[in-house]
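Chemist: return atomic coordinates for the entry below.
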Amino acid sequence: MFTTRAHRALLLVLFAPAFAAVAAQGARPDSGAYLLNDSHFHLTNYVQEGPTLTQFLKMMGNKVGRVALFGIPLQQEWSYRVDGANAPTYYLATDAPLYYYSFTDAAIAMAYRALKPSEQARFEPMITGFNPADMYAADHIRRVLQIFPGVFTGIGEFTIHKEFVSSKVAGTGPSLTDPALDRILDFAAEVGLVVILHSDIDLPYAKPGSATAALNLPTGPAGPVPEYLAQIAAVFKRHPKTTIIWAHTGLGRTVRPIHDHVKTIAALIEDPALPNLYFDISWKVVADYVVASDSSLTATANLLNRFPDRFLFGTDALAPPDQKSYLEVYAEYEPLWKRLTPEASEKVRRGNFARIFDAGRARVRAWERAHPQ
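Modeler: As a prediction, the model looks like this:
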């Protein structure tokens, strides 16, 4: 039986290569040398295809400094009974179901490890290949961290409620009230993992609602309460030590901004129980809402200028073929960038990414050293 000192010495020998790889990672690039950092990027699509990381680095070029990197946790089934020889590549192209594809985490880790240290320094890989309705999901996350130490910084984007997607996933759908989700977020807090969570604020095609009742706001327009707003606010409050980025501020193709959506987000930010909550403005759908009119653009700019520390830009690009398509959302936001103060523009485009992911990575590396496989 090993003594404590002997046991530690053996662990250091066994895990020296992994810890050496962590130490060898290149210094993070200076964000100021680039236009943006990308908080939300899918390297692969719904059939697990996409560019290599070497190809993607060329797309990033001298415009994108750092990227939160993940695949797609769901695989679109090709059912010959449903589609014949017409292989679907997107979830809206078929009635066949989606299923969770856990190998995506290993694929991302192996692609990342194949890079040079200076190239690795431009990515923050994320674990996403788990079923958030499964009580064992937190165990999957732990297992991935211990098999691939020195790689991952967070979890997500993973989805609870999403228009058209949730109903297509085989098995029991996830829920904001499911203890499995709480177990995931508790473990993320323990480790220091940054969480990117997608959950719609309302049902598809719902009439624009009011946040007044859901958030106990003193004033606001009357109207139906968004289906999931109260539930997701409760999730955030149950996990005050978990760093959570709410993807797309809860919006979707058919989940449109509720009445005074900006006021809803402001109310969440001002809640003293939610200092851990951040928002990404990724996805072309969200950009379309923001730049749709002068009033929507002004309201969004005022919100970001008022709370510049709480928002991150992301592309939500899905396996892009070239730089132009990759940066389409950034270009669409050009009217927004022009209306932000220099401080807000810097933080939303670059600075908040560096602050949040640097802190998360440091905590995750410390947890990995304390919990070797």
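Chemist: phi, psi of T254?
Modeler: Backbone torsions for T254, taken as degrees, to the nearest 10, come to phi -110, psi 10.
Chemist: which residues touch G250?
Modeler: Each residue near G250 by C-beta atoms under 8 Å, 6 or more residues apart in numbering is listed here: S199, D200, I201, D202, Y228, L229, I232. Where you see a C-beta, it was placed from the backbone N, CA and C, and this is true even at glycine.
Chemist: burial measure for the first one, as a count.
Modeler: Going back to what we said before, that points to S199. The number of residues packed near S199 is 24, by other C-beta atoms under 10 Å.
Chemist: separation between it and F158?
Modeler: 9 Å (C-beta to C-beta, to the nearest Å).
Chemist: by neighbour count, which of the contacts of G250 wins?
Modeler: In these, the most neighbours by other C-beta under 10 Å go to I201, 29 neighbours.
Chemist: the closest residue in space to that residue that isn't next to it in sequence and S296, how far apart?
Modeler: Leaving aside its sequence neighbours, I201 sits nearest to G250 (C-beta to C-beta, 6 or more residues apart in numbering; 3.2 Å). Applying C-beta to C-beta, the value for G250 to S296 is 16 Å.
Chemist: same check, this time on I147
Modeler: For I147 relative to S296 (C-beta to C-beta), the value is 45 Å.
Chemist: between these two, tell me which one has more neighbours.
Modeler: Legend: neighbour count by other C-beta under 10 Å for I147 and S296, higher for S296 (17 against 13).
Chemist: in a strand, that one, correct?
Modeler: No: using DSSP: H, G, I helix; E, B strand; the rest coil, the assignment for S296 is helix, not a strand.
Chemist: separation between it and D288?
Modeler: Look at S296 and D288: by C-beta to C-beta, they are 10 Å apart.
Chemist: three-state assignment of K237?
Modeler: Strictly by three-state DSSP, K237 counts as helix.
Chemist: can you offset everything so residue one is 592?
Modeler: Right, with 592 as the first residue, what we last looked at is K828.
Chemist: now do the contacts for it.
Modeler: D862, A864, L865.
Chemist: verify the stated contact: P688 with S757.
Modeler: No: with contacts counted by C-beta atoms under 8 Å, P688 stays clear of S757, the gap being 11.5 Å.
Chemist: now, of the contacts of K828, which are buried?
Modeler: Buried subset of these (neighbour count, 16 or more other C-beta atoms under 10 Å): L865.
Chemist: from I775, how far out is A797?
Modeler: In terms of C-beta to C-beta, A797 sits 27 Å off from I775.
Chemist: tell me which of the two has more neighbours.
Modeler: Between A797 and I775, counted using other C-beta under 10 Å, I775 has the larger neighbour count: 28 against 16.
Chemist: contacts for whichever helix or strand S630 is part of, please.
Modeler: Assigned by DSSP states H and E, S630 falls within strand 627-633. Residues outside strand 627-633 that contact it (C-beta under 8 Å, 6+ apart) are 622, 641, 654-663, 748, 787, 836, 838, 871, 873-874, 903-910, 921, 940-941, 944-945.
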